[in-house]
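Trainee: Need coordinates for the following:
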Amino acid sequence: MTTESDKDESLTVSESEQKEEEPATEERQEGEKMDSSLNENDLASIGMSSTVNEQDVLENMGRLCNFRCDLAVIILHPWGLLGGDMNNNVVYSVSKYFQSRSITTLRLNFKGMQVGWGYAEIKQVKMAASFLLNSEEVASKPTKILIVGYSYGSFVGASASADIPECIGYVSIAPPFGVSHWLFMFNSSYHLKRAKMEKSNFVRLLMIGTSDNFTSESMFQKVASTFPKDTTTEVIQGLDHFFAGRENEVVKVIDAWYDITLSRLL
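Mentor: Sure, this is the predicted structure:
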């Protein structure tokens, strides 16, 4: 089997990323491929507006909304093979929430098939962080990075945080602990180890619904208990993996965590 090269810092997907896709259940396919667009009524229900301007960046791989503040949030989507992208309902809602707080956001679309060990996706997150911190295209550059990942993106984001010194924390929304071995071709332990790395001035938020389709509440609690003490966990009653129509409940958890925990590092 061809091995991915960690020396290649480009966004080119290596041969090992072009593997046979994981078999998926009909329920999972349906959920991840649902219409992810939120209308004005949806946005109003969580106290947000869709009027904030975003611009295409990173060769159309990302959508940047720059408030020229000290913090920038990179938001990562679910598995692309099942329809996940930066316009996903949860990703979009989270970006609008941070924009409502006048915080810079970058919604990132992973390049490539997202089939493999996850190394190529980590490189893309690192490149996105470098773009925010160093690019001449970004006015009044941030000095701190927060990563928010949903489903597949939660594993990638948590793992990538270990390589970004400016990252002060991450949020993992519905981390797919129950199927991560398939998603990352039996390499999920590598990402979990990196996600648990001890860092100073660093905070983590893990959240899941009690009716998550891929990870039971007991498994979530068992895995979460192995994370460092700087980790906050939240279980939301009655929600499944997709949060359709109830994105505001995800936002409320992040909002409370931001005010109580993350704000201490800003």
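
Trainee: What is the burial count for Gly169?
Mentor: When counting by other C-beta atoms under 10 Å, one arrives at 25 neighbours for Gly169. Any C-beta I mention is one placed from the backbone N, CA and C, and that applies to glycine too.

Trainee: got it, and Val115?
Mentor: Residues lying near Val115 (other C-beta under 10 Å) number 21.

Trainee: cool, Ser95 as well?
Mentor: If we define neighbours as other C-beta under 10 Å, then Ser95 has 24 of them.

Trainee: Give me the next element, helix or strand, following whichever strand or helix holds it.
Mentor: Under the assignment given by DSSP states H and E, the secondary-structure element containing Ser95 is helix 89-100. Once the chain leaves helix 89-100, the next helix or strand it forms, by DSSP H and E, is strand 104-108.

Trainee: Mind pulling the model confidence for Ile173?
Mentor: pLDDT, the model's per-residue confidence, is 98 for Ile173.

Trainee: shouldn't it be in contact with Val148?
Mentor: Yes - with contacts defined as C-beta atoms under 8 Å, Ile173 counts as touching Val148 at a distance of 7.0 Å.

Trainee: low-scoring stretches of this structure, by residue?
Mentor: Scanning the chain with the threshold set as pLDDT under 70 gives 1-52.

Trainee: Mind listing the shared neighbours of Ile173 and Val148?
Mentor: Both Ile173 and Val148 are in contact with Val94, where contact means C-beta atoms under 8 Å, 6 or more residues apart in numbering.

Trainee: who touches Ile103 in this structure?
Mentor: Shown here is Ile103, whose contacts under the criterion C-beta under 8 Å, 6+ apart are 67, 69, 71-73.

Trainee: Check this protein for its longest helix and report it.
Mentor: Within the chain, and with DSSP state H defining each element, the longest helix by residue count is helix 119-134.

Trainee: Quick one: the helices in the stretch 101-250 of the chain, in order.
Mentor: 119-134, 152-160, 180-183, 188-195, 217-224, 247-260 (DSSP state H, counting those that start in this stretch).

Trainee: List the buried residues in stretch 126-145.
Mentor: Of the residues in stretch 126-145, those buried under the neighbour-count criterion (16 or more other C-beta atoms under 10 Å) are 126-129, 131-133, 138, 141-142, 144-145.

Trainee: How far away from the center of its chain is stretch 228-243?
Mentor: With C-alpha atoms, centre = their mean, to the nearest Å as the basis, stretch 228-243 stands 14 Å off its chain's centre.

Trainee: got the buried residues for it?
Mentor: If you call a residue buried by 16+ other C-beta under 10 Å, then stretch 228-243 has these buried ones: 231-236, 239-243.

Trainee: What lies in contact with it?
Mentor: Under the criterion C-beta under 8 Å, 6+ apart, residues 31-32, 34, 89-90, 151, 174, 176, 196, 198, 202-215, 217, 220-221, 224, 246, 249-250, 253, 257, 261 lie in contact with stretch 228-243.

Trainee: Out of the contacts of Ile103, who's the most crowded?
Mentor: Neighbour count (other C-beta under 10 Å) singles out Ala72 as the most crowded of these, with 28 neighbours.

Trainee: Got the phi and psi for it?
Mentor: Dihedral pair for Ala72: phi -130, psi 140, per degrees, to the nearest 10.

Trainee: picking that back up, quick one: the longest helix of the chain to helix 188-195, angle?
Mentor: Between the direction of helix 119-134 and that of helix 188-195, the angle (axes from the mean of the first three to the mean of the last three C-alpha atoms, to 10 degrees) works out to 20 degrees.
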